[in-house]
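> prediction below, plus the sequence it came from.
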Amino acid sequence: VFAAIVVVALPFIAFLIQAIVGKRSTSGNISLIAICLSTIISLVFVFAEVWQSMPRSATQPWFTIGVNTFTVGVLLNNLTVLMQLLVCVIALPVHIYSRAYMKDDPGIHRYWMYLSLFCFAMLGLCISKNLFMMYIFWELVGFASYLLIGFWFTKESAVQANKKAFIVNRIGDLGFLIGIATVFSVYGSLDLVELFGKEGRFYSVATDNSGLLTLAGIGFFIGAMAKSAQFPLHVWLPDAMEGPTAVSSLIHAATMVAAGVFLLSSVFPLFNETVLLIIAIIGVTTAASAAYFALAQTDIKKILAFSTISQLGFMMVAIGVGAWDAAMFHLVTHAFFKCLLFLGAGAVIHEMAHLEHVHQLDFDPQDINNMGGLRKQMPKTFILMAIASLALAGFPLTSGFLSKDAILISSYEWAISKGGASIFIPILLTVVSVLTAFYIGRLIFKVFFGEFKLDVSNSNIHDANKTMLLPMAFLGICSLFFVFSFNPISYHCL
């Protein structure tokens, strides 16, 4: 428990030091050392100790209102330690990559400060034992993402994007708050162990408040809809691409957008049939519409943004059909290959922007119609992005195949047991899988194959330096099946 608290505290200390030192420290060493230590401690002293063993928890009274005492606490079980480790393991390569990617930016000292604050908020959210405490960190994640999305605040589009993200997430936070208030009014507690433990109030208190429980479930889902960009509250995520690419990869991979899926997995016993059906329907609508939008995008980051929305729809369907474990597994595998796709896109944009600067041209360095044939100049980036794309498409021998397969199988089993029109949900998910393979294939072919589209020499385009390539190589390895399962066609043997 102490180690888990240290993991959360280190990025916060880095944030404070960076805030005090300001422009005198632009190297990012403070943030990097903090996240390195957090990752090691999380792996060795938290994950290794708790995974597949007895859950641990610690509680401290915070304040008392009337007869009710509100507490703060740490909860360590399979779900929370996995999520905490995942945030560390994704944030570490992003920090290393950022050192090269953001090197000469005038606001780099702010960047490291915001990044540390963001990691602190997300790590705190993962191990919160109490719904109210989780809500506080939830708000802090939203605030830190607001700072990061609008990092280049001199750009009007970035200012509009971070305002949009902030406002849409406020709608979701209101839902979360309604969920918390409803649970407290029914059970008189917000402590996750008191509510859902083996002898918890949820199982022992007979309640006829099915209407209130439906309201609570829908409230939590609205919170998750905004954070995890589900239809119709998905509108902020494509615009969130205005932030630095390294930030996009972190927000899209394992942190901000994953928080909604994590929340629903944490309070899963609360959901009744009505709420689960709503989650499944919204999830499949999101997955299908976002995949459809991705088909015609020309901005490389926008394609990946819609792809993220679509994959989050997959996770929501998994929760809706009762397979929250499959949803969390897809969240973990998706984190690695989506982070790699963003970092690869960042490397390509970096080179295209450099080309624009060298030749004094005026074109959009993110438009895939301006690229082509880059596999000759950027072979390593091409190989790594191809691996990540295959994982996203659910190709055999990749991690994405294992997790998407688990979700599809669970949804078909659920639909067969339910009967009737519910079969449309897994059928639509299968169609979405085909669309996913198409739009990510289109991106790879447009960028790396064919002839270079611009009328200038692309001879000075080359692979990124080692500081950017090594984190990408690590993520590439983690996009293959053997990291998660010895069996290439099933993950249940873990």
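That came through, no problem.
> alpha carbons only for contacts and neighbour counts from here, please
Fine.
> and the helix-or-strand element of the chain with minimal mean pLDDT, how far out from the chain middle?
Taking mean pLDDT, DSSP states H and E as the measure, the helices and strands of the chain show their lowest mean at helix 201-204, namely a mean of 70. Taking C-alpha atoms, centre = their mean, to the nearest Å, the mean C-alpha location of helix 201-204 is offset from the chain mean by 31 Å.
> same deal with stretch 358-373?
Chain-centre distance of stretch 358-373: 29 Å, with C-alpha atoms, centre = their mean.
> got the end-to-end distance for that stretch?
Distance across stretch 358-373, first residue to last, is 19 Å (C-alpha to C-alpha, to the nearest Å).
> which residues sit against it?
Contacts made with stretch 358-373 from outside it, assessed by C-alpha atoms under 8 Å, 6 or more residues apart in numbering, are listed as 298-301, 349, 352-353, 356, 443, 445-454, 456.
> in PyMOL, how would I select the buried members of these?
Paste this into PyMOL to select the buried members of these, with burial taken from 16 or more other C-alpha atoms under 10 Å:
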select buried, resi 298+299+300+301+349+352+353+356+443+445+446+447+448+449+452
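> might you report the residue contacts of the residue nearest to T59 when sequence neighbours are not counted?
In space, and not counting its chain neighbours, T59 is closest to G73: 4.1 Å by C-alpha to C-alpha, 6 or more residues apart in numbering. Taking C-alpha under 8 Å, 6+ apart as the contact definition, G73 lies against S57, A58, T59, Q60, S128, K129, N130.
> how is G73 assigned, secondary-structure-wise?
Remark: G73 carries the secondary structure label strand [criterion: DSSP: H, G, I helix; E, B strand; the rest coil].
> how near is it to V50?
Using C-alpha to C-alpha, G73 is found at 16 Å from V50.
> what do you get for A296?
Using C-alpha to C-alpha, A296 is found at 45 Å from V50.
> which of those two has more residues huddled nearby?
Comparing A296 with V50 by other C-alpha atoms under 10 Å, the one with more neighbours is V50, at 18 against 11.
> got phi/psi on the residue nearest to that one when sequence neighbours are not counted?
Nearest non-adjacent residue to V50, counting by C-alpha to C-alpha, 6+ apart: N77, 6.4 Å away. As for N77, its main-chain torsions (degrees, to the nearest 10) stand at phi -140, psi -180.
> residue contacts, N77?
Taking C-alpha under 8 Å, 6+ apart as the test, what N77 contacts is V50, W51, M54, P55, R56.
> now P11
Applying C-alpha under 8 Å, 6+ apart to P11 gives the contacts S31, A34, I35, S38, S116, L117, C119, F120.
> which of those sit farthest apart?
Taking every pair in the contacts of P11 and measuring C-alpha to C-alpha, the maximum separation is 13.6 Å, between S38 and L117.
> tell me which of the two has more neighbours.
Neighbours were counted for S38 and for L117 using other C-alpha under 10 Å; S38 has more, 27 against 24.
> secondary structure element holding the more buried one?
helix 29-41 (DSSP states H and E).
> how many residues are close by K466?
K466: 12 surrounding residues under other C-alpha under 10 Å.
> whoops, I mixed them up, E351
By the other C-alpha under 10 Å criterion, the neighbourhood of E351 contains 19 residues.
> residue contacts, it?
I461, H462.
> average pLDDT for stretch 273-287?
Per-residue pLDDT values over stretch 273-287 give a mean of 90.
> alpha carbons of it, in PDB - could you do that?
What follows is the C-alpha trace of stretch 273-287 in PDB, where atoms were taken according to Å, rounded to 0.1, in the frame of the first residue of the first chain:
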ATOM      1  CA  GLU A 273     -30.000  -5.400 -17.400                       C
ATOM      2  CA  THR A 274     -31.400  -2.100 -18.500                       C
ATOM      3  CA  VAL A 275     -28.200  -0.200 -18.000                       C
ATOM      4  CA  LEU A 276     -26.000  -2.900 -19.600                       C
ATOM      5  CA  LEU A 277     -28.200  -2.900 -22.700                       C
ATOM      6  CA  ILE A 278     -27.900   0.900 -23.000                       C
ATOM      7  CA  ILE A 279     -24.100   0.600 -22.600                       C
ATOM      8  CA  ALA A 280     -24.000  -2.100 -25.300                       C
ATOM      9  CA  ILE A 281     -26.200  -0.100 -27.800                       C
ATOM     10  CA  ILE A 282     -24.200   3.200 -27.300                       C
ATOM     11  CA  GLY A 283     -20.900   1.300 -27.500                       C
ATOM     12  CA  VAL A 284     -21.800  -0.400 -30.900                       C
ATOM     13  CA  THR A 285     -23.200   2.900 -32.200                       C
ATOM     14  CA  THR A 286     -19.900   4.600 -31.300                       C
ATOM     15  CA  ALA A 287     -17.800   1.900 -32.800                       C
END
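> show me where the stretch 151-300 of the chain dips below the pLDDT cut-off.
Within the stretch 151-300 of the chain, the stretches falling below the threshold (pLDDT under 70) are 198-200, 204-209, 252, 254.
> state whether S53 is indeed within a helix.
No. Assessed by three-state DSSP, S53 does not belong to a helix; its assignment is coil.
> quick one: distance of stretch 115-129 to the chain centre.
Per C-alpha atoms, centre = their mean, the displacement of stretch 115-129 from the mean C-alpha position of its chain is 13 Å.
> quick one, phi/psi of G243?
As for G243, its main-chain torsions (degrees, to the nearest 10) stand at phi -70, psi 170.
> ok now do it, which residues does it touch?
Counted by C-alpha under 8 Å, 6+ apart, G243 has contacts L148, I149, G150, F151, W152, A158.
> right, I'll leave it there.
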